Structures are given as C-alpha cells and as structure tokens.
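> Build me a structure from this.
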Amino acid sequence: MTKPGVRPWAALTGASILQAVASWNWLHAYFETYENNDSVKIGFGKMSKLLQPLTIVSHTVPGCATKFYASMGNHTFKAIGLELQDFSTGDTRHFTFHANGSLVLEFLYIVDPDNWQVIPYVATRLAQEGIVMRESSSPLQLSQ
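Numbering: from 1, shown residues only. Sure thing, here's the model as predicted:
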C-alpha cells in the first residue's frame, strides 16, 4: 500500500519513453510476423541474448547456404539481424550491406548456438566498394 500522494512508478524521461515505444514496436512486429505461425515460439530463442549488438554473425544450417548478419541487438526471445553480403578479395573475406540499398531485417532465434559464429571485423576502405567490414581473425563459435 502506498501513501496518498506518492506515485508507485518512476517519472517519465526521454529514455523511458523511447524504451516503451521500442517495446511496443517489438511486440507489434512479433505478432504481425508470427501470429499464426506454429513453427516459432517465444521459448525457442532463450539463447538469443548471446547475439551482442554491433557484431557480425553467421548462421549455417546443414544443407543450406551460410547467411551473414549485422546483429542490431537482442531482446528476451529474439535478436534483430541486418542481412549482409560477403565477398572475398584474395584470401580475405569482406562484408557489406546489400548493393541495391534494400535493408533485409530478420528476427533471429538462437535455438542451436553451435550453428552460429561471431566474426571479428574491422572497417576498411576498398577502392571499388567504399567502406566495408573486413574479417580480422578467425570466426568464433557463439557457444564459446
């Protein structure tokens, strides 16, 4: 029981309003995308917090091509990934956003961390491509 005239909630700030709007958008996007889809459940992505923001990750599914993502951050049960293109110059792998300018955002669910890798990178400039992300060392297993 609170005393009369005492608010039991924190005062609104710019940061708390931004967090509330972001949470609301996450919820709407989830239900618009997966409302009638039984293949994705909230509990499937308990390990999604392993995807740290501002990292490059790769997801390999046996029998399918490897996909690369810029991890944009995580939430309780999923992360947001911005799909990247990969290309090589010599024996160095580089990553860039899609050439046509379209942003391909996906919800990422970590069910089996052994299928995910984190790719260390540095920004570099290539004459024909502009600023790209260059793989700076061997990929690391997400489960490490």
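> in the longest strand along the chain, what's buried?
When the chain is parsed with DSSP state E, its longest strand is strand 79-89. By neighbour count on 16 or more other CB atoms under 10 Å, the buried set for strand 79-89 is 79-82, 84, 86. C-betas here are computed from N, CA, C, even on glycine.
> just stretch 106-124 next, same as before
Buried, per 16+ other CB under 10 Å, within stretch 106-124: 106-110, 115-119, 121.
> Could I get the full set of strands for the protein?
55-59, 67-74, 79-89, 92-96, 105-108, 116-119, 121-126, 130-135, 140-141.
> can you tell me which of these the model trusts least?
Sorting those by mean pLDDT places strand 105-108 lowest, at a mean of 83.
> other SSEs contacting that strand?
Applying 3 or more CB pairs under 8 Å, 6 or more residues apart in numbering; DSSP states H and E, one finds that strand 105-108 contacts helix 14-34, strand 67-74, strand 79-89.
> now the last one and strand 121-126, what's the angle there?
Counting by axes from the mean of the first three to the mean of the last three CA atoms, to 10 degrees, strand 79-89 points 50 degrees away from the direction of strand 121-126.
> just the buried residues of stretch 106-124 now: which is nearest residue 16?
Among the buried residues of stretch 106-124, residue 107 lies closest to residue 16 (CB to CB), at 24.4 Å.
> ok, residue 48 - how many residues close by?
Look at residue 48: counted by other CB atoms under 10 Å, it has 21 neighbours.
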